[in-house]
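# Output the structure for:
(one chain, ligands or ions: 3)
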Amino acid sequence: MAAVTIPALQKMKAEGIKISMTTAYDYPTACLVEKAGIEIILVGDSLAMTVLGMDSTVPVTMDEMIHHIKPVVKGAPTPLIVGDMPFGSYQVSPEEAVANAIRLMKEGGCDTVKLEGGSDMAPIVKRIVKAGVPVMGHIGLTPQTVSMLGGFKVQGKGEAAAKVLLQDALDLQEAGAWGLIIEAVPENVARLITEKVTIPTIGIGGGRYCDGQVLVFHDMFGLFDKFLPKFVKQYAQLGEQIVAGLETFKEDVRETRFPEEKHVFGGVTEEELKRLY
Ligand SMILES: Nc1nc(=O)c2c([nH]1)NC[C@@H]1CN(c3ccc(C(=O)N[C@@H](CCC(=O)O)C(=O)O)cc3)CN21
Ligand SMILES: CC(C)C(=O)C(=O)O
Ligand SMILES: [Mg+2]
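Ligands and ions are numbered 1, 2, ... in the order given. A predicted model of the protein is given here:
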């Protein structure tokens, strides 16, 4: 179990201390996030796009999610680890949803699961929570239904859509969700929701008034170049630095500047070697 607990995060909301969250999909990244003291790690289904090269988050499977959750749990003992439930793993029936949520926790080792959807998903959330698996909700832009939304677009624009979004949040809270991701919605709508629910809201493109913020690791560090949403802040351009390093390595190899004497092994004298020719 993580050192950071759900009640501790709920206390942070109550005290007005902002929560930070990012993604990790492997051991080395988890170790870095652990060192930085970030409170929550999401093993997001965004790994479909950021590390598996898929065009959306839709194709990623339960087995693939579990494969990536395991090393993150090893690398980061302190942050709360959230496992994203992949598309298809919780929509078919409540029984399957409960079984898959348990699998992510039991086989993957995460502390809690996250699933996308609003009021329609509330009964599923209730069943999973009742089974003993904490659930985080995810409303607004729900990438698993990108085809229905007509692309990765801002959600909850206008009074009617904003009202639906608020009801989604209230229904998920009522169903027992311990926290909510609010993705790509107008800032004032995310603020309204944050004020109306008692559980922590973590925004991604949800503006300044959410109880916390989440960004995809690969976006923050310039390691994903298919798109860069408006809500992303880049903290380093590691992709560029890595390409420059690889180009230098290639030149070093071509020009025999690498390896140098300090990189090579001895152990057989030239005398001994001569007899082998
Ligand atoms: N690397 C990565 N980062 C993410 O944040 C992310 C993923 N992958 N994969 C799953 C979803 C997809 N997400 C996205 C992708 C693109 C935009 C985007 O470009 N939005 C436009 C607004 C478009 C509109 O409303 O008209 C933008 O300008 O930010 C937003 C969220 C968020 N999630
Ligand atoms: C964008 C975040 C919240 C997510 O669900 C993911 O990374 O999969
Ligand atoms: Mg996701």
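
# roughly how far apart are Glu247 and ligand 2?
For Glu247, the distance to ligand 2 (CB to the nearest ligand atom, to the nearest Å) stands at 30 Å. To be clear about C-beta, it is placed using only N, CA and C from the backbone, and glycine gets the same treatment.

# now swap in Phe152 and tell me
Taken as CB to the nearest ligand atom, the span from Phe152 to ligand 2 is 10 Å.

# Kindly report the same for Phe221.
14 Å.

# per-residue pLDDT, that residue?
If you check Phe221, the pLDDT there is 98.

# what's near enough to touch the nearest residue to it once chain neighbours are set aside?
Once flanking residues are discounted, Phe221 sits nearest to Leu238: 4.6 Å by CB to CB, 6 or more residues apart in numbering. Leu238 is in contact with 221-223, counting by CB atoms under 8 Å, 6 or more residues apart in numbering.

# what about the strands in the stretch 101-250 of the chain?
Along the stretch 101-250 of the chain, the segments classed as strands by DSSP state E, counting those that start in this stretch run 112-116, 135-140, 179-183, 201-204, 212-215.

# Dump those strands to TSV, plus mean neighbour count.
Shown next, in TSV, are the strands of the stretch 101-250 of the chain (neighbours: other CB atoms under 10 Å):
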stretch	mean neighbour count
strand 112-116	25
strand 135-140	28
strand 179-183	28
strand 201-204	26
strand 212-215	22
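
# Let's have those in a markdown table, adding mean pLDDT and distance to Arg127.
Below are these laid out as a markdown table (pLDDT from 0 to 100; distance: least, CB to CB, whole Å):
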| stretch | mean pLDDT | distance to Arg127 |
| --- | --- | --- |
| strand 112-116 | 98 | 11 |
| strand 135-140 | 98 | 10 |
| strand 179-183 | 98 | 18 |
| strand 201-204 | 98 | 23 |
| strand 212-215 | 99 | 25 |
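
# With distance to ligand 3 as added columns, please give the ones you listed in CSV.
Below are those laid out as CSV (distance: least, CB to the ion, whole Å):
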stretch, distance to ligand 3
strand 112-116, 7
strand 135-140, 7
strand 179-183, 8
strand 201-204, 9
strand 212-215, 10
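
# what residues go with each domain of the chain?
6-240, 241-276 (automatic domain parsing).

# So Ala2 sits against Val72, correct?
No: using CB atoms under 8 Å as the test, Ala2 is too far from Val72 to be in contact (10.9 Å).

# so what sits against both of those two?
Ile81.

# between those two, who's got more neighbours?
Val72 (28 against 20; other CB atoms under 10 Å).

# Pull the contacting residues for that one.
24-27, 29-30, 41, 43, 81.

# switch the cut-off to 10 Å
Neighbour list for Val72: 23-27, 29-31, 33-34, 41-43, 79, 81-83, 108-110 [criterion: CB atoms under 10 Å, 6 or more residues apart in numbering].

# Please apply the same query to Ala169.
118-119, 137, 139-140, 177, 180, 182, 189-190, 192-194, 196-197, 199, 201.

# need the residues of the stretch 151-277 of the chain near ligand 1, please.
Listed as neighbours of ligand 1 in the stretch 151-277 of the chain under the rule CB under 6 Å from any ligand atom: 152-154, 184, 216, 218-219, 224, 227, 229-230.

# Closest to ligand 3 out of these?
Val216 (9.0 Å; CB to the ion).

# What's the local residue count around that closest one?
21.

# buried ones in stretch 172-179?
By 16 or more other CB atoms under 10 Å, the buried positions in stretch 172-179 come out as 172-173, 175-179.

# my guess is Lys230 meets Glu187, correct?
No: Lys230 is not in contact with Glu187 according to CB atoms under 10 Å; the separation is 11.9 Å.
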